[in-house]
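**Q** give me the fold of what follows.
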Amino acid sequence: MTAPHPTPYPEPFFTPDPNSAADSRITDFARWAARHQGAEAIQDPTDYQALYRWSVTDLEGFWAAVWEYFGIDATTPYERVLAEDTMPGARWFPGATLNYAHHALGNLHPDAPAITALDETGTGYEITGRELRARVASVAATLRDLGVERGDRVVGYLPNTPHAIIAFLATASLGAVWSVCGQDYAPQAAADRFTQLEPTVLVTANGYLFNGTTHDRRAASLHLARTLPTLKATVLVEHVGLAWPEDGHPGLTVPWEDAATCTEYLTIAPVPFDHPLWIVFSSGTTGLPKGIVHGHGGVLLEHLKILALHSDLGVGDRLLWYTTTHWMMWNLVVSTLLTGATTCTYDGSPAPVERPDLLWELAARHKVTVFGTSPQYLLAMAKLGVEPSAHDLSAVRAIGCTGSALPASAYPWVRDHVGARIQLASTSGGTDVVSGFAGSAPTTPVWAGELSAPSLGVALTAYDGSGQPVVDQVGELVVTRPMPSMPLSFWNDPDGSRYRDAYFSAYPGVWRHGDWITLTSHGSVIVHGRSDATLNRNGVRLGSADIHDIVEHLPEITEALVIGAEEPDGGYWMPLFVVPAPGVSLDDALREKIREAIRTGASPRHVPDEILAVPAIPHTRTGKKLEVPVKRLLQGAPAEQVLNPAAVDSPELIDIFARLGAERRKRSTHLS
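**A** The predicted structure follows:
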């Protein structure tokens, strides 16, 4: 398949102010590396491309520089930077012992805000560095008393509030392993993730806010707890003013206020560099979500690089990035603490109906310096006629944007309606590495519709169909050398076969991520969208299986297929195709029933844009739904490039889906 390649802008849309670039942390790092780490090739410290080339050709020198520059405090030193340079199986910093929580809490000013908690009511509160450390110490002692030991799993069913950060840091301080899921997931969807982990403790809230509504999650929390037979206790967070029932929970329950308000001394356990820190989950496109295990050291170094160098965060800065706890951006938002900056949590809709500009208002009120969002949010702001510049956004110097490709049309809108001096930093990464593959930095120009450059230390390449590197052509996103934050493993994958199949089956020894990209001759990266079937709406991923399971449970539906298709104008079309049961017609009442089932049983963020009846769903001869080929048909790929009709159980369906895609594109063109 050849993805569309937008015409590149001949000149940068945005060029950094030379004085700001010279004063940035990435420039200071480049100067330091040239003096102390043998990076003599960096003649100009503001030359990002020179710094990048050094970072991927001298991988050990670069990551040693990150270690030394940020003063990593290891209990025992490392023997060498990279003991094995193979993928999978790279071994980083063997011999070193450290702890992520030690660094997250160690750079905070005791009297300055570490966390600013916000919600869609516009109110908020702050937790200072001293208060955060005290609450982490208390929760850590509570977890220890509940029987949590090194290597045990603690899970959270929580909205994006400080409770999740505190519980995570307490877990990490013990050498236990954290995993979290947002409460807009149905309890069964959360259970599909957590039962795999056999957790010791569940931390859950009584509800969350969204679009003016308080969502009661007490029954959902109880349901989830009952599906986790290994629990020794459940910690109950009072967040939205709903009283927890006095009975009904299996096993011991502990109120959050009791868990978090004891006076305790914080003892942080040193662990090996590659000791598991957290488990994040894939979206479960082809079955149960896969648990992706990341380590203390890899996350520590990668997040210092991406936040301190690429985002220029440090003491006195504030980051507000809209996210949910089950999106990898939550993990990155927490790591703001590593830089000494303040992180803002937000519970609610990004654009409440009554106050669609609320996030901009909060950014102005709290002097946010880096504002993070998704392409869909920026496009929605433009369509709603919101004027962010009506608020004092003078503190904002960068807008981060991720989740999908940001169309070129959004760049002038940000310039004209947010601020001309603000750098729009489009980034692309993944849950798999909890970081970015490409993005921007204070020293990079910006071309509209493009990501400024590959990220430091990421040997990013585009492969054509024969596995050869290409420039100015669409290819598969691959990484040819290891990153410290690549997964340690998949959970319950003892021989590593699932891990190898996920990333290394196409090109042995080379990471294939599943995105279509173009590396341009002027150094930028264009992302054309996913090459797999993951649903990625507003940056929040969900597996198609989660939707299929809900819809196909309805008696009126025989089978279903949901597709998330990126469109050339930056939009995202998510149709649901259903095969009605015999004698059933797809009318408005049934469509609403399906929407409600998805909203309550899977995720309200993933209700489809359209529900269309089809005579059948195409499968391989072995019975697997042809999700990726159907997606490509809907996007306009010629059928002969998508699949071999001989491999399809019902070849006549190919024309049906190709026609539906053509009709969609015709409607979109007419409307535009």
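**Q** residue ranges in the stretch 401-550 of the chain under the pLDDT threshold?
**A** 529-534, 539, 541, 543 (pLDDT under 70).
**Q** cutoff 90 now
**A** By pLDDT under 90, the weakly predicted segments of the stretch 401-550 of the chain are 402-410, 430, 449, 464-466, 473-476, 514-517, 526-550.
**Q** same check, this time on the stretch 101-250 of the chain
**A** Ranges of the stretch 101-250 of the chain meeting pLDDT under 90: 107, 123, 184-186, 188-189, 246-250.
**Q** what pairs with the helix or strand that contains Thr518, parallel or antiparallel?
**A** Using DSSP states H and E, Thr518 sits within strand 511-519. Take DSSP bridges as the rule and strand 511-519 pairs in its sheet with strand 474-479 (antiparallel), strand 525-530 (antiparallel).
**Q** show me what the helix or strand containing Gly436 is packed up against.
**A** If you go by DSSP H and E, Gly436 is part of strand 435-439. The contact analysis (3 or more C-beta pairs under 8 Å, 6 or more residues apart in numbering; DSSP states H and E) places strand 435-439 against strand 428-430, strand 453-454, strand 525-530. (Glycine included, C-beta is placed from N, CA and C.)
**Q** pull up the pairing partners for it, direction included.
**A** Using DSSP bridges, the strands paired with strand 435-439 are strand 428-430 (antiparallel), strand 453-454 (antiparallel).
**Q** show residues contacting stretch 71-85.
**A** Stretch 71-85 is contacted by residues 59-60, 63-64, 67, 90-98, 102-103, 106, 270, 273, 300-301, 481-482 when judged by C-beta atoms under 8 Å, 6 or more residues apart in numbering.
**Q** switch the strands paired with strand 511-519 over to a markdown table; also include mean neighbour count.
**A** Output for the strands paired with strand 511-519, formatted as a markdown table (neighbours: other C-beta atoms under 10 Å):
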| stretch | mean neighbour count |
| --- | --- |
| strand 474-479 | 22 |
| strand 525-530 | 24 |
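**Q** hmm, Val579 is touching Pro618, no?
**A** No - applying C-beta atoms under 8 Å as the test, Val579 and Pro618 come out as separate, 11.1 Å apart.
**Q** ok, those two, which is more surrounded?
**A** The neighbour comparison of Val579 against Pro618 (other C-beta atoms under 10 Å) goes to Pro618, with 26 against 18.
**Q** look up phi and psi at that one.
**A** Reported as degrees, to the nearest 10, the phi and psi values for Pro618 are phi -80, psi 140.
**Q** can you pull the contacts of it?
**A** Contacts here follow C-beta under 8 Å, 6+ apart; on that basis Pro618 touches 625-626, 629-630, 648-650, 653-654, 657.
**Q** now with 7 Å, please.
**A** Shown in contact with Pro618 (C-beta atoms under 7 Å, 6 or more residues apart in numbering): 626, 630, 648-650, 653.
**Q** now, of those residues, which are buried?
**A** Among the contacts of Pro618, the ones that count as buried by 16 or more other C-beta atoms under 10 Å are 626, 630, 648, 653.
**Q** make a markdown table from the contacts of Pro618 and add secondary structure, distance to Asp28 and pLDDT to it.
**A** Compiled in a markdown table, the contacts of Pro618 are given as follows (DSSP: H, G, I helix; E, B strand; the rest coil; distance: C-beta to C-beta, whole Å; pLDDT from 0 to 100):
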| residue | secondary structure | distance to Asp28 | pLDDT |
| --- | --- | --- | --- |
| Leu626 | coil | 51 | 84 |
| Val630 | helix | 50 | 89 |
| Val648 | strand | 57 | 76 |
| Asp649 | coil | 60 | 76 |
| Ser650 | coil | 61 | 81 |
| Leu653 | helix | 58 | 88 |
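**Q** which residues in the stretch 351-500 of the chain form strands?
**A** 370-373, 398-401, 423-426, 428-430, 435-439, 453-454, 460-463, 474-479, 489-490 (DSSP state E, counting those that start in this stretch).
**Q** er, the stretch 151-300 of the chain actually
**A** All strands of the stretch 151-300 of the chain, identified by DSSP E, counting those that start in this stretch, fall at 153-157, 177-181, 201-205, 207-210, 213-216, 233-237, 252-255, 271-272, 276-281, 291-295.
**Q** hang on, the earlier thing: identify whichever of the strands of the stretch 351-500 of the chain lies nearest to Ala189.
**A** Closest to Ala189 of the strands of the stretch 351-500 of the chain, according to C-beta to C-beta: strand 489-490, at 18.8 Å.
**Q** what does that closest one rub up against?
**A** 290-293, 496, 498-499.
**Q** can I get the residues you listed in TSV including distance to Asn538 and neighbour count?
**A** Shown next, in TSV, are the contacts of strand 489-490 (distance: C-beta to C-beta, whole Å; neighbours: other C-beta atoms under 10 Å):
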residue	distance to Asn538	neighbour count
Lys290	22	26
Gly291	23	23
Ile292	21	25
Val293	26	19
Gly496	33	13
Arg498	28	14
Tyr499	28	19
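**Q** so how far is stretch 429-445 from its chain's centroid?
**A** 12 Å (C-alpha atoms, centre = their mean, to the nearest Å).
**Q** likewise stretch 498-516?
**A** Offset of stretch 498-516 from its chain centre (C-alpha atoms, centre = their mean): 19 Å.
**Q** and the end-to-end length of it?
**A** 22 Å (C-alpha to C-alpha, to the nearest Å).
**Q** return the set of buried residues in it.
**A** Applying 16+ other C-beta under 10 Å to stretch 498-516 flags 499-500, 502-504, 507, 510-516 as buried.
**Q** cool, stretch 111-125 as well?
**A** 113-120, 124.
**Q** which ones among these map onto strands?
**A** 113-119, 124 (DSSP state E).
**Q** what's the most distant pair in those residues?
**A** Top of the distance list for those (C-beta to C-beta): Ala114 and Asp119, 17.9 Å.
**Q** check the gap between the residue most central in space within the chain and Gly430 for me.
**A** Here the mean C-alpha position of the chain is nearest to the C-alpha of Met328 (C-alpha atoms, centre = their mean), at a distance of 2.9 Å. From Met328 across to Gly430, the span is 7 Å (C-beta to C-beta, to the nearest Å).
**Q** same thing with Asp258?
**A** Using C-beta to C-beta, we find Asp258 at a distance of 38 Å from Gly430.
**Q** of the two, which one has the most company?
**A** The neighbour count for Asp258 versus Gly430, taken as other C-beta under 10 Å, is higher for Gly430 (21 against 13).
**Q** can you verify my assumption that the more buried one contacts His513?
**A** Yes - between Gly430 and His513 there is a contact at 6.3 Å, judged by C-beta atoms under 7 Å.
**Q** need the strands of the stretch 151-300 of the chain in JSON lines with distance to Lys367, can you?
**A** Output for those, formatted as JSON lines (distance: least, C-beta to C-beta, whole Å):
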{"stretch": "strand 153-157", "distance to Lys367": "29"}
{"stretch": "strand 177-181", "distance to Lys367": "28"}
{"stretch": "strand 201-205", "distance to Lys367": "28"}
{"stretch": "strand 207-210", "distance to Lys367": "23"}
{"stretch": "strand 213-216", "distance to Lys367": "29"}
{"stretch": "strand 233-237", "distance to Lys367": "28"}
{"stretch": "strand 252-255", "distance to Lys367": "34"}
{"stretch": "strand 271-272", "distance to Lys367": "36"}
{"stretch": "strand 276-281", "distance to Lys367": "30"}
{"stretch": "strand 291-295", "distance to Lys367": "32"}
